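**Student:** pasting the sequence and the predicted model now:
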Amino acid sequence: MEITTKPHAAILSSPGMGHIIPVIQLGKRLVDYHGFHVTIFIVASNESSDQSQLLQLHAYKNSLEMVEFPAIDIANLVEPNANVVTRLVVVMREAVPALRSAISAMKCPPSVLIVDLFGTEALCLAEEFKISKYVYVATNARFLSFSLHVPTLHELIKGEFADQKEPLKIPGCKPVRLEDVVGSILDRSSQQYYEYLRICKQLRLGDGILLNTWQDLEAQALASIQNVQVYPIGPLVRPVKPDGLKGEMLCWLDKQSTESVLYVSFGSGGTMSVKQITELAFGLEQSQQRFIWVLRKPVENNADASFFSAGKEHDDDPPSKYLPDGFLTRTKESGFIVPNWAPQIDILSHRSVGGFMTHCGWNSVMESIVNGVPMIAWPLYAEQMMNATLLTEELGVAVRSEVLPTKAVVGRVEIEKMVRMIMEDKQGKGIRERVRELQCGARKALSEGGSSSNALSQLAKYCSTYTSYGK
């Protein structure tokens, strides 16, 4: 006999807002459009903005609940200088027992388990509880295609990937340049290499893979993915809040001309050296363009080192400590400095914002495209280099520096040139037209009958059937 219980999805998210945000939006869409009850499990981190997001979730709807596992101490499980990929994977591995206990204690067990990229080791729980299972890769199809091919590359390439003289060939996609590949595969002697390799193998263990992209944006890359069911369900981004911008920032933006402000932000884990901050400051000043700059405390080590310490770097030092002498005075009318964090989606949606200097995290990319804002690509870590290449060379919605910001300091002259190119040059107008085309495509994909809407409906229908009849 058919059971009419409301379908219930359990979603496991890695710590960090870059992972949590797309999971939250997926959960909301399953609730709003497909009648699911959704439980989101998050491993706590030190990011202060996480807590704010969690509080907002609790007030969302009765059908969407949050379970936060305590922060996990992995100091004895990884090297002190372990990179973010290794640390995320180990954290998620250690969270599997807590997830097992949480699901066992549910009065209404889930019919589907969805894990993010770093939670693939939890897929075994779906077998235990006899429920369907999916992986949510909250980035693009090009990265997924590359990741699915990594196990093959591991067998074909006997030496280090970094020693290869030619780009890495991916069936059905453009070859991936070595400078664009994720750092996780560049050193076979490292733990992160084998952790990432394991993830790439486990991606195929689910009943399918969800992607935060849409069909028309990456038709070629999606077509290249074989022997796995892919659901392009994006772009899933945070909605604009009516009261998201307040006070001095809103007043300042309201006074600016349409599309005259460059928004500068490098994500919750994006940091740079004092020297690079100095060059960026002079480049912005010399461009004579108006800007909002989210300024984080500088570091001298690698960019991803701040991921797990985000939220701890807040201190009493004023922004002037990290900026050139007199910069704040000289840019008092044209610039707006925001320490540490800003309501990004609300800024990008403001009529005055006409450009976005971004670290190319996929959430930020999607938010920029959805709001029709062209980009200056400033990739820092993870798959961001690959994203930057996609944006500049394939989609044509961004410009980038000649040298990677992770390889050398980008000088003020080049920064000024990029800013002017996006904000006022003829080339920038063409890029703006292209991003507006993608903006329309994104809306169409998510609308009723659109490709992404249909893809999620297909998934939801299968999971509902699973609930009603069993697999």
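**Tutor:** That came through, no problem. Residues are numbered from 1 along each chain as shown.
**Student:** any figure for the gap between Ser104 and Val38?
**Tutor:** Distance of Ser104 to Val38, computed by CB to CB, to the nearest Å: 18 Å. C-beta coordinates here come from the backbone N, C-alpha and C atoms, glycine included.
**Student:** more neighbours, these two?
**Tutor:** Higher neighbour count among Ser104 and Val38: Val38, with 27 against 11, using other CB atoms under 10 Å.
**Student:** enumerate every residue touching the more buried one.
**Tutor:** With contact set as CB atoms under 8 Å, 6 or more residues apart in numbering, Val38 has these partners: His8, Ala9, Ala10, Ile11, Gly27, Lys28, Leu30, Val31, Ser63, Leu64, Glu65.
**Student:** hmm, His37 and the fifth one touching each other?
**Tutor:** No. In this structure Gly27 lies outside contact range of His37 using CB atoms under 8 Å: 9.9 Å.
**Student:** with neighbour numbers in mind, choose between these two.
**Tutor:** Gly27 (27 against 21).
**Student:** just list what the helix or strand harbouring the more buried one packs against, helices and strands only.
**Tutor:** Assigned by DSSP states H and E, Gly27 belongs to helix 17-34. Helix 17-34 sits against strand 8-13, strand 37-43, helix 48-58, strand 64-69, strand 112-116, strand 132-137, helix 362-370, helix 451-469, with contacts defined as 3 or more CB pairs under 8 Å, 6 or more residues apart in numbering; DSSP states H and E.
**Student:** in a markdown table, list those along with mean pLDDT.
**Tutor:** Converted to a markdown table, the helices and strands packed on helix 17-34 look like this (pLDDT from 0 to 100):
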| stretch | mean pLDDT |
| --- | --- |
| strand 8-13 | 96 |
| strand 37-43 | 93 |
| helix 48-58 | 49 |
| strand 64-69 | 90 |
| strand 112-116 | 97 |
| strand 132-137 | 97 |
| helix 362-370 | 97 |
| helix 451-469 | 83 |
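**Student:** quick one: which of the ones you listed is nearest Leu168?
**Tutor:** strand 132-137 (18.8 Å; CB to CB).
**Student:** next secondary structure after that closest one?
**Tutor:** Immediately after strand 132-137, counting by DSSP H and E, sits helix 141-156.
**Student:** could you dump that next one to CSV, C-alpha only?
**Tutor:** Extracted in CSV, the C-alpha atoms of helix 141-156 (Å, rounded to 0.1, in the frame of the first residue of the first chain):
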residue,chain,number,x,y,z
ALA,A,141,30.2,21.0,-15.0
ARG,A,142,33.8,21.6,-16.2
PHE,A,143,35.2,21.0,-12.7
LEU,A,144,33.0,17.9,-12.3
SER,A,145,34.1,16.5,-15.7
PHE,A,146,37.7,17.1,-14.7
SER,A,147,37.2,15.4,-11.2
LEU,A,148,35.5,12.4,-12.7
HIS,A,149,38.5,11.9,-15.0
VAL,A,150,41.1,12.3,-12.3
PRO,A,151,41.2,8.5,-11.5
THR,A,152,42.0,7.8,-15.1
LEU,A,153,44.7,10.5,-15.2
HIS,A,154,46.1,8.9,-12.0
GLU,A,155,46.6,5.7,-13.9
LEU,A,156,47.9,7.2,-17.1
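**Student:** how about the contacts made by Met366?
**Tutor:** Contacts of Met366 by CB under 8 Å, 6+ apart are Asn212, Gly234, Pro235, Leu236, Val237, Ala442.
**Student:** is the fourth one in a helix, a strand, or coil?
**Tutor:** The reference is to Leu236. coil (DSSP: H, G, I helix; E, B strand; the rest coil).
**Student:** count the residues that sit near the closest residue to it other than its chain neighbours.
**Tutor:** Distance criterion CB to CB, 6 or more residues apart in numbering; nearest residue to Leu236, sequence neighbours excluded, is Gln25 at 3.8 Å. Using other CB under 10 Å, Gln25 has 21 neighbouring residues.
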